[in-house]
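Asks: Sharing a sequence plus its predicted fold:
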Amino acid sequence: MEEDKFGYPYEEEVKQAVQKFERMRRNNENYFFDVIEFESIIDYYIESNNPAQAFEAASMATEQHPHSVSIQLRKAKVLLDKGRAVETLRILKKLEHIEPGNHEIYVAKGTAMGMLGDIQGARKMFDYALSLDSDDIENILFAIVSVLQNLNYYEQLIPYLIQLMEREPNFNAHLYDLAYAYEKTEDYANSISFYLRYLEAEPFSDSAWYNLGIIYNKLEQSENAMEAYDYALAINSENTFALFNKANILSNLDRYAEAIPVYHEYLENEPDSFESMTYLAECYERCDNLTLAKKYYHDAIDLAPEFADPWFGLGVIELNSGNADDSLIYFRKAVRLDDENPEFWYLLGKAHYVKSEIKSSLSCFREALKLDIYYDDVWIDLGRILLKENLSGKAIPYLEHAYKVTGDVPGINYIMASLYLHTGAADKAFRHISLAVDIDKDIFKEYSELFPPALLTRKIARLLKSADLN
């Protein structure tokens with residue numbers, strides 16, 4: 001039946017008006033509707049989320065009733081739904097002079113200003129709307145909050161939402177919305193507080209538990225995050241995002257054996273997730289189950305051959321297994337797919353070095369350091385190679401030039417100090433190691449093998465001793 005599509009408890013008159021309008025459209029005829037009928041028709045389409053028909057009805061209504069403020073206001077709202085803020089402001093400017101005390105005009109005007117990026121002007125309009133009608137504050141606040149949420153102005157909506165919550169303290173959804181707004185503004189302490197208050201009233205909200213887990217994870221409170229995800233999953237076992245995030249936390253904590261079944265459960269729900277297959281493969285790799293690691297890396301490649309990570313994972317397995325030739329094939333593929341990942345370049349350089357391809361190795365290290373000048377593993381291996389291959393003298397001019405570009409990066413200072421020490425330039429060695437220690441003495445232990453005790457000058461030895469580094 002035609003009336004079955006009305007999902008709202010509309011009165012018979014409203015149903016008849018909408019059916020009459022749609023009949024007119026089907027038959028390509030022109031009917032007359034009074035203002036009340038048009039208001040009902042437009043409101044119906046707005047509430048039914050049918051902006052195209054709402055706009056058609058509003059356009060026809062303004063033709064038949066050009067001087068009706070309520071019709072013009074509805075047309076303005078429909079134009080806002082279509083993103084046509086400038087046209088909306090033209091209409092509202094006229095309506096302000098006709099009904100200056102109508103708060104809906106100023107809420108709509110504030111909405112248009114917000115859409116155009118004038119949030120300060122929007123707030124002035126919203127505050128003015130609130131001053132016009134003390135009997136309808138809750139509805140005005142709700143309209144303002146809805147607008148600011150839709151426009152992602154979370155910082156600006158918080159004061160209005162607090163006012164609304166104070167007026168409607170038993171409406172728990174306000175707690176959730178406020179927690180979410182604080183989350184978006186990265187005020188995590190307030191966000192957690194309001195999510196917990198909301199969960200006291202609505203303990204079976206899996207979305208609230210899930211959002212709480214995200215915040216705890218951002219704060220590196222891993223156990224709290226996993227507990228929140230577990231609650232979310234207990235309430236809704238199909239919350240795959242909670243499964244995925246929990247597995248990632250376990251993996252990041254090096255709890256690979258625990259992460260594996262969680263990734264499997266996630267893949268049961270999302271079998272085409274090549275990212276999770278890759279992460280699962282890495283967990284198997286870290287658990288020394290290379291057979292399954294290779295299987296899931298290959299499965300990920302079958303699903304997404306342009307995704308670089310599983311190619312890289314296979315390269316790591318082959319390099320660690322002593323198969324440098326095979327690892328080069330996989331690393332080169334990974335770099336071709338993603339040449340902005342410094343780790344890919346670094347491992348490709350290591351594979352070249354295993355093959356005694358020194359020039360290619362150093363070239364890859366250089367690419368890695370271009371992408372991440374603070375990549376200490378690269379600097380350390382670079383130093384080892386330069387010393388082992390007796391390239392100190394040749395490397396120093398290049399590194400001096402690089403130093404002018406990079407400035408005081410700990411890695412290059414430690415490397416240059418070591419090279420100068422090995423070539424007998426003790427004063428220059430002392431200068432660079434002093435700079436390195438001042439910037440980051442905590443990583444000296446990673447470079448310590450480049451500074452054999454027998455080679456240290458008294459001055460450098462005293463420096464390291466005073467910094468508790470030897």
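Replies: Looks like it came in fine.
Asks: The stretch 101-250 of the chain: helices as residue ranges?
Replies: When secondary structure is read from DSSP state H, counting those that start in this stretch, the stretch 101-250 of the chain shows helices at 103-115, 119-132, 137-150, 154-167, 173-184, 188-201, 206-218, 222-235, 240-252.
Asks: Mind listing residues that contact the second one?
Replies: Okay, so that is helix 119-132. By Cβ atoms under 8 Å, 6 or more residues apart in numbering, the residues outside helix 119-132 that reach it are 101-104, 106-107, 109-111, 113-114, 137, 140-141, 144, 153, 156, 160. Bear in mind the C-beta positions are built from the backbone N, C-alpha and C, glycine included.
Asks: Mind doing that once more with 6 Å?
Replies: Surrounding helix 119-132, the residues in contact under the criterion Cβ atoms under 6 Å, 6 or more residues apart in numbering are Gly101, His103, Tyr106, Val107, Lys109, Gly110, Met113, Gly114, Ile140, Ile144, Tyr153, Gln156.
Asks: go on, the fourth one?
Replies: Applying Cβ under 6 Å, 6+ apart, the contact partners of helix 154-167 are Ile119, Glu138, Leu141, Ile144, Val145, Leu148, His174, Asp177, Leu178, Ala181, Lys184, Thr185.
Asks: buried ones in it?
Replies: Residues Tyr154, Gln156, Leu157, Ile158, Tyr160, Leu161, Gln163, Leu164, Met165 are the ones in helix 154-167 that count as buried (16 or more other Cβ atoms under 10 Å).
Asks: cool, the third one as well?
Replies: Of the residues in helix 137-150, those buried under the neighbour-count criterion (16+ other Cβ under 10 Å) are Ile137, Ile140, Leu141, Phe142, Ala143, Ile144, Val145, Val147, Leu148, Gln149.
Asks: these two touch, right, the fifth one and Val107?
Replies: Yes - because the distance of 5.2 Å satisfies Cβ atoms under 6 Å, Ala143 is recorded as touching Val107.
Asks: follow-up on the earlier one: of the buried residues of helix 154-167, which is the nearest to Leu337?
Replies: Within these, distances to Leu337 taken as Cβ to Cβ reach their minimum at Tyr154, with 36.3 Å.
Asks: how much space between the closest one and Ile119?
Replies: Taking Cβ to Cβ, to the nearest Å as the measure, Tyr154 and Ile119 are separated by 11 Å.
Asks: one step back: pLDDT and distance to Ser48 for the contacts of helix 154-167 - can I get that in TSV?
Replies: What follows is these, written out as TSV (pLDDT from 0 to 100; distance: Cβ to Cβ, whole Å):
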residue	pLDDT	distance to Ser48
Ile119	95	30
Glu138	94	24
Leu141	96	25
Ile144	96	23
Val145	96	22
Leu148	96	24
His174	96	26
Asp177	96	24
Leu178	97	29
Ala181	97	28
Lys184	97	29
Thr185	97	33
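Asks: closest to Ala247 among the residues you listed?
Replies: Taking Cβ to Cβ as the measure, Lys184 is the one of the contacts of helix 154-167 closest to Ala247, at 25.2 Å.
Asks: tell me how far the helix or strand in which Phe312 is found is from the chain's mean position?
Replies: With elements taken from DSSP states H and E, the one containing Phe312 is helix 308-320. Distance, stretch centre to chain centre, for helix 308-320: 27 Å (Cα atoms, centre = their mean, to the nearest Å).
Asks: list the helices and strands whatever helix or strand comes next after it packs on?
Replies: Tracing the chain C-terminally past helix 308-320 and defining elements by DSSP H and E, one meets helix 324-337 next. Using 3 or more Cβ pairs under 6 Å, 6 or more residues apart in numbering; DSSP states H and E as the contact criterion, the neighbours of helix 324-337 among helices and strands are helix 308-320, helix 342-354.
Asks: Reformat these as TSV; add mean neighbour count.
Replies: Converted to TSV, the helices and strands packed on helix 324-337 look like this (neighbours: other Cβ atoms under 10 Å):
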stretch	mean neighbour count
helix 308-320	23
helix 342-354	23
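Asks: do you know which of those helices lies nearest Asn170?
Replies: When the helices and strands packed on helix 324-337 are ranked by proximity to Asn170, the top entry is helix 308-320, at 49.1 Å, counting by Cβ to Cβ.
Asks: The closest one versus helix 324-337: what angle between them?
Replies: If you take axes from the mean of the first three to the mean of the last three Cα atoms, to 10 degrees, helix 308-320 sits at 160 degrees to helix 324-337.
Asks: helices or strands up against helix 308-320?
Replies: Contacts of helix 308-320 with other secondary structure elements, assessed using 3+ Cβ pairs under 6 Å, 6+ apart, are made with helix 274-286, helix 290-303, helix 324-337.
Asks: if we can go back for a sec, now the helices and strands packed on helix 324-337 in CSV, please, with extra columns for mean pLDDT.
Replies: Shown next, in CSV, are these (pLDDT from 0 to 100):
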stretch, mean pLDDT
helix 308-320, 98
helix 342-354, 97
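Asks: who wins for proximity to Asp427 among the ones you listed?
Replies: For these, the distance to Asp427 is smallest for helix 342-354, at 31.5 Å, taking Cβ to Cβ.
Asks: now that closest one and helix 308-320, what's the angle there?
Replies: Taking the same axes, to 10 degrees, one finds that helix 342-354 is oriented at 30 degrees with respect to helix 308-320.
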